[in-house]
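1. predicted model follows, preceded by the sequence.
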Amino acid sequence: MTDAVTYPITITGAGPGDPELITVKGKRSLEEADMVIFAGSLVPEELLVWTKEGCECLSSAPMDLDAMVEKMAEGYHAGKRVVRLHTGDPSLYGAIDEQMQELDKRGVPYTVIPGVTAAFGAAATMKMEYTLPEVTQTLILTRVSGRTPVPEAEELDRLAAHQSSMAIYLSVGMAEKIQNILAPHYGADSACAIAYKVAHPEEEIHYTTIGQLAQACEENKITRHALIIVGKAVEASLGDHELIKSKLYDAEFTHGYRDASK
């Protein structure tokens, strides 16, 4: 008698919202799944369009960690193909480490499929490049301290001192606090963007200044499901800077694939 066939749990990044922004590999995992446990408060159910008939689809919104992991383990031991579907990319604010540790304790194998995070979905809508030659070459993805604290070394005031491109997650409900922290570093008149429900049908991009950030959130009734994006890249996307071209495509710049002397 042979052991029943089992399949590793697949932790899949759903992307920011649009069902077509899931990766090909992620889509395939949903097509093959017998059970999908999706982050119901964040992942739109439209993503489930890729599942087959008869697939059991469960929202994890009412589940705690133990209940969710136990459900995944049950599916695994029953020989089902189980997908844990996370919004955006699972590695970013996905709380997957605690899930993986619990699966390890139960001896349940798993794999991870990356996804598109909201910061990149927003940049696509805004037609913006975060890393501009000689302007900014760093992108910080962060959040402010709230019910979940952040390490002291990563407090927003310290990160803002770099004046790099920055996408602030899970924090729009504290817009006034963010505004007061960012203004001394970037300038109150510096452009910023509020990216609401990125890649969802309700997506909105609101441009404002750091000094008017809290007011803009209030006027547009945005208290959650939004990123705050700051830095010179935002101003550049609005045409408010002098273009400095990259060396990559400079006709006078030699690299391994092009000789400028010819």
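-> The structure has been received and is ready for your questions.
2. shouldn't T111 be in contact with T12?
-> No - assessed by CB atoms under 8 Å, T111 is found out of contact with T12, at 9.1 Å. Bear in mind the C-beta positions are built from the backbone N, C-alpha and C, glycine included.
3. tell me which of those two has more neighbours.
-> A count of neighbours by other CB atoms under 10 Å puts T12 above the other of T111 and T12, at 29 against 12.
4. assign that one to helix, strand or coil.
-> T12 carries the three-state label strand when classified by DSSP: H, G, I helix; E, B strand; the rest coil.
5. run through the residues that contact it.
-> T12 sits next to 22, 26, 29-30, 83-86, 90, 112-113, 115 when contact means CB atoms under 8 Å, 6 or more residues apart in numbering.
6. how close does the residue nearest to R84 when sequence neighbours are not counted sit to G146?
-> The spatially closest residue to R84, leaving aside those adjacent along the chain, is I11, at 4.7 Å (CB to CB, 6 or more residues apart in numbering). Distance of I11 to G146, computed by CB to CB, to the nearest Å: 25 Å.
7. next one: P184
-> Counting by CB to CB - P184 and G146 are separated by 21 Å.
8. just L213 next, same as before
-> Going from L213 to G146 by CB to CB gives 16 Å.
9. more neighbours, these two?
-> Under the criterion of other CB under 10 Å, the comparison of L213 against G146 puts L213 first, with 25 against 12.
10. following the helix or strand that one falls within, which helix or strand comes up?
-> Assigned by DSSP states H and E, L213 belongs to helix 213-219. Per DSSP H and E, helix 213-219 leads on to strand 226-230 as the next helix or strand towards the C-terminus.
11. what distance do you get for P109 to K221?
-> Per CB to CB, P109 is found 44 Å from K221.
12. tell me which of those two has more neighbours.
-> The neighbour count for P109 versus K221, taken as other CB under 10 Å, is higher for P109 (11 against 7).
13. burial count for the residue nearest to that one when sequence neighbours are not counted?
-> Leaving aside its chain neighbours, P109 sits nearest to P8 (4.1 Å; criterion: CB to CB, 6+ apart). Neighbour count of P8, defined by other CB under 10 Å: 14.
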